[in-house]
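Visitor: Here is my input; please provide its structure:
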Amino acid sequence: MIQQHLKTCFDNLVKLEFADIDIIAMYSNEGEKINFLKGLKARGQVEQWLDSVQGGMRDTLYKLMKTGLSDYGTQERKNWVLSHFGQVVATIAQIQWCSSTEFAINDMSTNPFALQEWYEANET
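Guide: Numbers count the residues shown, from 1 in each chain. Alright, predicted model coming up:
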C-alpha cells in the first residue's frame, strides 16, 4: 500500500482518495481535503502515476493560488481566510507581506518613515 509512504514522497501529503482506479483528492496532515482538477489514473507502475499525482498537485494548487490571489484584495480578510485552503492562505499572505514590505522600502526615498509606518501597521 502506497498511502503509508506518501509523507516521505510529498510534503504534507498523507492520503490520496481513490474512486476505483482514479485518484480524485489529496489530504494534508491537518485533514484538509483538496480535490484534483481532474481525476488521475492509478494504472501501471507506481512511479508513473505518482508522477501524475505530482503534476495534478501542481496544476490544482496553481489554479487555487491564482483564485486566492485575485480574491485577496476583494474580500474582508476573515472571509478570505475562511474561503480558501490553508496552504493557499499561508502562501498568498506571505507573498502579500513581502510585496508590501518591498513597497515600503522603495517608498522610503519619498517618505523616510514608510518602513516604520509599515512596521506599526503590522503590529496592530
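
Visitor: Run through the protein and note the low-pLDDT ranges.
Guide: Residues of the chain that meet the criterion pLDDT under 70 lie in 1.

Visitor: for this structure, longest strand please?
Guide: Scanning the chain for the strand with the most residues, using DSSP state E, yields strand 33-41.

Visitor: tell me the angle the helix or strand following that one makes with strand 33-41.
Guide: Using DSSP states H and E, the helix or strand that directly follows strand 33-41 along the chain is helix 46-72. Here helix 46-72 runs at an angle of 140 degrees relative to strand 33-41 (axes from the mean of the first three to the mean of the last three C-alpha atoms, to 10 degrees).

Visitor: As PDB, could you dump the C-alpha coordinates of stretch 33-44?
Guide: Written as PDB, here are the backbone C-alpha positions of stretch 33-44 (Å, rounded to 0.1, in the frame of the first residue of the first chain):
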ATOM      1  CA  LYS A  33      -9.000  17.700   1.600                       C
ATOM      2  CA  ILE A  34      -8.300  19.200  -1.900                       C
ATOM      3  CA  ASN A  35     -10.000  17.700  -4.900                       C
ATOM      4  CA  PHE A  36      -7.800  17.400  -8.000                       C
ATOM      5  CA  LEU A  37      -9.000  19.400 -11.000                       C
ATOM      6  CA  LYS A  38      -9.400  16.100 -12.900                       C
ATOM      7  CA  GLY A  39      -9.200  12.500 -11.900                       C
ATOM      8  CA  LEU A  40      -5.800  10.900 -12.200                       C
ATOM      9  CA  LYS A  41      -5.400   7.300 -13.300                       C
ATOM     10  CA  ALA A  42      -3.600   5.000 -10.900                       C
ATOM     11  CA  ARG A  43      -2.500   2.400 -13.500                       C
ATOM     12  CA  GLY A  44       0.800   0.900 -14.400                       C
END
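
Visitor: If we go by neighbour counts, what in it is buried?
Guide: Going by neighbour count (16 or more other C-beta atoms under 10 Å), the buried part of stretch 33-44 is 34, 36, 39-40, 42. C-beta here means a position set from N, CA and C on the backbone, and glycine is covered the same way.

Visitor: possible to save those residues as a markdown table with distance to S28?
Guide: Shown next, in a markdown table, are these (distance: C-beta to C-beta, whole Å):
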| residue | distance to S28 |
| --- | --- |
| I34 | 8 |
| F36 | 14 |
| G39 | 19 |
| L40 | 17 |
| A42 | 20 |
